[in-house]
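Enquirer: no sequence on this one, just coordinates:
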């Protein structure tokens with residue numbers, strides 16, 4: 001019904017999952033992934049420490065210097081697209097904004113494709129052990145799975161709305 005308050009986020013389990021993902025994703029963007037792209041006054045001791053810990057622990061070649069050019073592009077996308085979209089998504093999911101399916105479809109496809117690209121590439125590395133590659137896979141695979149699931153969920157939501165609109169007309 002028009003004008004009625006949105007259903008509670010707690011009752012919308014998929015949206016709650018997306019909300020929690022974005023709440024976790026935002027700090028990771030600024031504390032690990034995009035640290036070298038940030039102006040020096042935004043590069044904190046904490047972000048430098050966490051990023052260093054990540055690199056030392058997981059031996060992620062994408063975070064070594066120089067990173068592959070295509071991966072640097074992915075990091076720029078995180079800074080310029082993921083971070084504002086993620087911030088917007090938190091509020092939009094809370095208020096059940098009707099534009100959520102449009103924006104999260106794009107996000108889901110992009111997250112799926114970029115993470116899958118990283119997975120395919122990392123399994124071609126010959127200078128990392130199988131265990132190191134498995135550990136990295138455990139970090140990248142949630143983005144692949146959630147991105148694919150999110151995109152499919154948003155396609156279904158948009159399809160439902162479009163079919164509903166077509167029936168009304």
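Expert: Yep, that arrived. Because the structure is a prediction, the values reported are computed rather than measured.

Enquirer: Tell me where the model's unsure across this protein.
Expert: Within the chain, the stretches with pLDDT under 70 are 1-3, 169.

Enquirer: Not counting sequence-adjacent ones, nearest residue to the residue nearest the centre of it?
Expert: Residue closest to the mean C-alpha point of the chain, counted by Cα atoms, centre = their mean, is residue 111 at 5.3 Å. Nearest non-adjacent residue to residue 111, counting by Cβ to Cβ, 6 or more residues apart in numbering: residue 147, 3.4 Å away. Backbone N, C-alpha and C define where each C-beta goes, glycine included.

Enquirer: I'd like to check what contacts the helix or strand harbouring residue 54. Which residues are they?
Expert: Per DSSP states H and E: residue 54 is located in helix 45-58. Around helix 45-58, the neighbours that count as contacts under Cβ atoms under 8 Å, 6 or more residues apart in numbering are 30-32, 35, 38, 60, 63-64, 132, 135-136, 139.

Enquirer: Generate a ChimeraX selection restricted to the buried entries among those residues.
Expert: The buried subset of those, as determined by 16 or more other Cβ atoms under 10 Å, is captured in ChimeraX by this line:
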select :30,31,32,35,60,63,132,136
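
Enquirer: Quick check, the residue nearest to residue 111 in contact with residue 106.
Expert: No. In this structure, residue 147 is not within contact of residue 106 by Cβ atoms under 8 Å, at 10.7 Å.

Enquirer: Neighbour count: these two, which is higher?
Expert: The residue with more neighbours, out of residue 147 and residue 106, is residue 147; 22 against 14, by other Cβ atoms under 10 Å.

Enquirer: Quickly note the distance from that one to residue 15.
Expert: The spacing between residue 147 and residue 15, counted by Cβ to Cβ, to the nearest Å, is 16 Å.

Enquirer: So for stretch 138-148, what gets flagged as buried?
Expert: Buried residues in stretch 138-148, counting neighbours by 16+ other Cβ under 10 Å, are found at 140, 143-144, 146-148.
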